[in-house]
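S.K.: my questions concern the predicted model and sequence given below.
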Amino acid sequence: MRDRRAARLRAMTHRYTVLHGGTVLTFEGALPTDAASRAAGAGAPDAAGRRVTAICYAHDRILAVGIDEEILALAGPDSHVVDLRGRTVLPGFVEPHAHPYWEGLVTGMRLLAGRERRAAIRALPGGAEHLEPDAWLVARYDPTGWDLPDDPTRDDLDRAVPDRPVLLAHVSGHAITANSLALALAGLDRASPDIRGRMVIERDEAGEPTGILRGPDAWDRIAASMPALTPAEGRAALARAAARLAADGVTSVADADVGSTAGVAAELAAWGQAIASGAMPLAVALMPGLARIAPGVGDAVPSPADIAAALPEAARTRVRLSHVKLKADGALTTHTAWLRAPYEDAPHAGGPVHDPDMLAERIRRAVKAGWGIATHAIGDAAVAAVLEAYAAAPASTCPHRLEHAMLLDEDLVARLAASGVTAVVQPEFLAWAGPTYRARLGEERAARLLPFAALLAAGIPMPFSSDRPVVPGAPLDGVRAALRHDPALSVAEAVHAWTAAGAAALGDDDAGRLEVGRRSDLVILSRDPTAVPTAAWARGDDGVAVVATIVGGRLVAGQLEGLT
Ligand SMILES: [Zn+2]
């Protein structure tokens, strides 16, 4: 049987690529948890699937996976035969929740971080050095490491940059600060109203805006007054994001809120150009913001086909459109996540973005239009409200998702498991903002954040993601953060969460596993991640690095001798 198949493959004259002499973890037939495979008895596949030594692919398809002897027999005179020299091949990492358009734009942009709040803000004018005289200065700030946690105010920004409009975005995206010029250009003053759930204008004792805006509409409210980005600028941003993602081993990426930076039309145009031109070679899933494509609760929701029609034909077949993005609450770092009990360090519990019946109605309409729903829910009250809304919605063809699902308890884990909903979680958040989370929630609640092993044990589909550029976002850093946070998780489970589980969340049968007939999306690592002890990963001295990234049979990042 095997000989006949080998002969048939040899007879077809294709430029095969054969990688041999390494470890190939297929994730084929893999169960999401080692615990589940252990329970299934000896011989059951573990979370990393089958372990072999070689793989053969041609163009964008995997042709064979097996041991050196059988795979080397497939090579013909025009094949590329590459000795892995002990390196490890995995399915390319799948990033099911990122913001590549925003990531590309913020690349090279100032990030005000570090220890000292004053020093961070003092660095702001440096971001304006290469700008035209009246151009906007856009930058980000990350107060999670600051000595004083207060968000910058308009006065801080006015002192630093008095002569041009400044828009400073919290790294989470859930709050912004504008200086006085930016507020004036946006027409925002003491008479401007808050929008319940969507935008709170912080005010001083005299009722004047402090420049700080919180909530999902904060960025849009100010950014609408900035000059629009051109499609070419958008395409260039996506090219930068693609290069960064590929260098980190990512072969599939989902934009988890198309329209959040420059509006849906502009961003779809940029995605279309980037994909059609080859500037974005990764597999792409686009998740339009539901409140952007149907602003009013009663508005007709465009279908996936309607959104696809806005893309150029060359890009249309290469984009997955399965979920819309919705927000039920904000972020813990900005006190906007919706909790059941008040914050430890603020006299309130956050609140919902949408009233519960409006949330349910939006979800119902989107499902009827053919979408699965991916709802941002971080606080325990938000998670509960979204699960209720999903339960009340008509049946959907693709499983709904909960984005972040951070603050859980046993009851919520059980309800999540019963719901069939996928939990798309971000381990690197914990490494980034752990002390801030403890300050916001107190020790007891902070200890309940993101119980990865418990989620898997309950049978909940649990892909990892990073929400980059909120954090730098390399999947290997996500593995490190996950294993530091939850030692009960195995390395294979953590890598499964970055591969097979992510592909399943995107409904992409072609990715996430190294199996004959699937897309040849691979990442080559310096060593077998599952051979490194959990403790070494947690300490960060695992020595595992991305050597090369291959999408559809094409090398898109890194290098390996003999590989083109
Ligand atoms: Zn996000």
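M.R.: Happy to help now that I have it.

S.K.: who's the closest spatial neighbour of Ala392, skipping the chain neighbours?
M.R.: Once flanking residues are discounted, Ala392 sits nearest to Ala360: 5.2 Å by C-beta to C-beta, 6 or more residues apart in numbering. In short, each C-beta sits where N, CA and C put it, glycine included.

S.K.: for the one helix or strand the one you found maps to, packing partners?
M.R.: Here Ala360, judged by DSSP states H and E, is contained in helix 356-368. Helices and strands touching helix 356-368, as assessed by 3 or more C-beta pairs under 8 Å, 6 or more residues apart in numbering; DSSP states H and E, comprise helix 290-293, strand 323-327, strand 372-377, helix 380-392.

S.K.: just name the most buried of those.
M.R.: strand 323-327 (a mean of 29; mean count of other C-beta atoms under 10 Å).

S.K.: what's the span of stretch 319-335, first residue to last?
M.R.: End-to-end span of stretch 319-335 (C-alpha to C-alpha, to the nearest Å): 35 Å.

S.K.: buried stuff in that stretch?
M.R.: 319-335 (16 or more other C-beta atoms under 10 Å).

S.K.: which stretches of the stretch 351-500 of the chain form helices?
M.R.: Applying DSSP state H, counting those that start in this stretch to the stretch 351-500 of the chain gives helices spanning 356-368, 380-392, 410-419, 428-446, 452-457, 475-485, 491-497, 500-505.

S.K.: which non-adjacent residue is nearest the residue of the chain found nearest the ion?
M.R.: At 4.3 Å from the ion, Asp467 is the closest residue in the chain, using C-beta to the ion. Counting by C-beta to C-beta, 6+ apart, Asp467 lies nearest to Gln426, which is 5.1 Å off, once chain neighbours are set aside.

S.K.: contacts only, for Ala119.
M.R.: The contact partners of Ala119, by C-beta atoms under 8 Å, 6 or more residues apart in numbering, come to none.

S.K.: ditto for Ala511
M.R.: Ala511 makes contact with 91-92, 94, 251-252, 283, 502-503, 518-519, 521 under the criterion C-beta under 8 Å, 6+ apart.

S.K.: again with Ala331
M.R.: 170, 172-175, 337, 378.

S.K.: before we move on, back to that, report how many residues lie close to the residue nearest to Ala392.
M.R.: Neighbourhood size, Ala360 [other C-beta atoms under 10 Å]: 19.

S.K.: could you tell me which residues of this protein lie near the ion?
M.R.: Within the chain, the positions adjacent to the ion are 256, 467 by C-beta under 5 Å from the ion.

S.K.: again, 8 Å this time
M.R.: Proximity of the chain to the ion, by C-beta under 8 Å from the ion, involves residues 97-99, 173, 256-257, 325, 376, 403-404, 467, 470.

S.K.: which two of those have the greatest separation?
M.R.: Lys325 and Val470 (14.6 Å; C-beta to C-beta).

S.K.: so what's Val424 up against?
M.R.: Contacts of Val424 by C-beta under 8 Å, 6+ apart are 96-97, 374, 401-405, 462-463, 465, 505.

S.K.: the residues you listed into TSV, with extra columns for pLDDT?
M.R.: Listed next are these as TSV, based on pLDDT from 0 to 100:
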residue	pLDDT
Pro96	98
His97	98
Ala374	98
Arg401	98
Leu402	98
Glu403	98
His404	98
Ala405	98
Met462	97
Pro463	98
Ser465	98
Ala505	96
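
S.K.: which of these lies closest to Asp46?
M.R.: Closest to Asp46, out of all of the contacts of Val424 and judged by C-beta to C-beta, is Met462, at 16.2 Å.

S.K.: hang on, that closest one packs against Ala500?
M.R.: No: using C-beta atoms under 8 Å, Met462 makes no contact with Ala500, being 11.0 Å away.

S.K.: shared neighbours of the two, anything?
M.R.: Common neighbours of Met462 and Ala500 (C-beta under 8 Å, 6+ apart) are Pro32.

S.K.: and Ala254, what are its bridge partners?
M.R.: Residues in a beta bridge with Ala254, per DSSP bridges, are Ala285.

S.K.: read off the pLDDT value for it.
M.R.: We have a pLDDT of 98 for Ala254.

S.K.: tell me, how many residues neighbour Glu267?
M.R.: Applying other C-beta under 10 Å, I find that Glu267 has 28 neighbouring residues.

S.K.: surely it is in a helix?
M.R.: Yes: Glu267: assigned to a helix according to DSSP: H, G, I helix; E, B strand; the rest coil.

S.K.: on that earlier part again, with distance to Asp163 added, can I get the helices of the stretch 351-500 of the chain in TSV?
M.R.: Shown next, in TSV, are those (distance: least, C-beta to C-beta, whole Å):
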stretch	distance to Asp163
helix 356-368	42
helix 380-392	41
helix 410-419	50
helix 428-446	33
helix 452-457	48
helix 475-485	39
helix 491-497	48
helix 500-505	45
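
S.K.: touching, Thr26 and Ala47? I think so.
M.R.: No: contact criterion C-beta under 8 Å: Thr26 and Ala47 do not qualify, at 11.6 Å.
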